[in-house]
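In: give me the fold of what follows.
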Amino acid sequence: MFTNPAMDLVVISALFAVISQTVQLVMGNRKETRRIQKNMKEKNAELKELMKKGESAKNEVERVQREMMELSTSTMKNMPKLMIVNMIVFLPLFGLVSHAYNGTKIELFYPLNMVWAQGDWFWFYVLCSFLISMVVNHVLNTYDNHLEKKQTMTVKQ
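Out: Numbering: from 1, shown residues only. Model (predicted):
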């Protein structure tokens with residue numbers, strides 16, 4: 001693509017992150033997942049409060065733990081389907097990238113270059129992919145929060 005393998009891998013990581021998030025948006029229910037995450041956070045706070053009470057709240061602790069287990073099970077229902085689709089999409093693409101950059105060493109950026117001067121292309125890709133996926137996910141969450149606030153304001157009026 002470009003003349004710089006590091007830049008190529010950054011662009012490839014960004015494309016893969018966008019494709020992965022698109023697959024998740026198409027195959028999953030983002031609103032439902034966010035609702036469940038919110039409920040889990042509330043249940044976790046409730047559980048912490050109950051744990052402070054000690055043995056007197058044992059039955060309540062067990063109830064909240066059961067509810068949390070049910071919520072986490074419902075979020076895991078779509079995981080196998082998403083994993084299979086991601087594997088079908090990414091294994092061939094990753095095979096092409098692996099073939100193109102096999103043996104390529106990449107100069108790492110600060111502060112990583114203090115530990116390793118150069119890294120294998122794979123670890124550079126993993127790092128870029130992780131960072132870019134975090135940014136893409138943050139942008140999507142910010143957008144979802146904006147839509148949620150907009151809908152709440154519309155309902156109040």
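In: please pull up the helix or strand immediately following whichever strand or helix holds residue 39.
Out: Element membership for residue 39 (DSSP states H and E) is helix 30-53. Using DSSP H and E, the helix or strand that follows helix 30-53 in sequence is helix 58-76.
In: if you count neighbours, what's buried in that next one?
Out: Residues of helix 58-76 classed as buried by neighbour count (16 or more other Cβ atoms under 10 Å): 61, 64, 68, 71. All C-beta atoms are positioned from the backbone trio N, CA, C, and that covers glycine.
In: excluding its backbone neighbours, what's nearest residue 132?
Out: Excluding the flanking residues, the one nearest residue 132 by Cβ to Cβ, 6 or more residues apart in numbering is residue 17, at 4.6 Å.
In: the one you found: how many residues sit nearby?
Out: Using other Cβ atoms under 10 Å, residue 17 has 20 neighbouring residues.
In: got the contact list for the nearest residue to residue 46 once chain neighbours are set aside?
Out: Excluding the flanking residues, the one nearest residue 46 by Cβ to Cβ, 6+ apart is residue 64, at 5.5 Å. Counting by Cβ atoms under 8 Å, 6 or more residues apart in numbering, residue 64 touches 43, 46-47, 50.
In: just how off-centre is the strand or helix carrying the residue nearest to residue 132 within its chain?
Out: According to DSSP H and E, residue 17 maps onto helix 5-27. With Cα atoms, centre = their mean, to the nearest Å as the basis, helix 5-27 stands 12 Å off its chain's centre.
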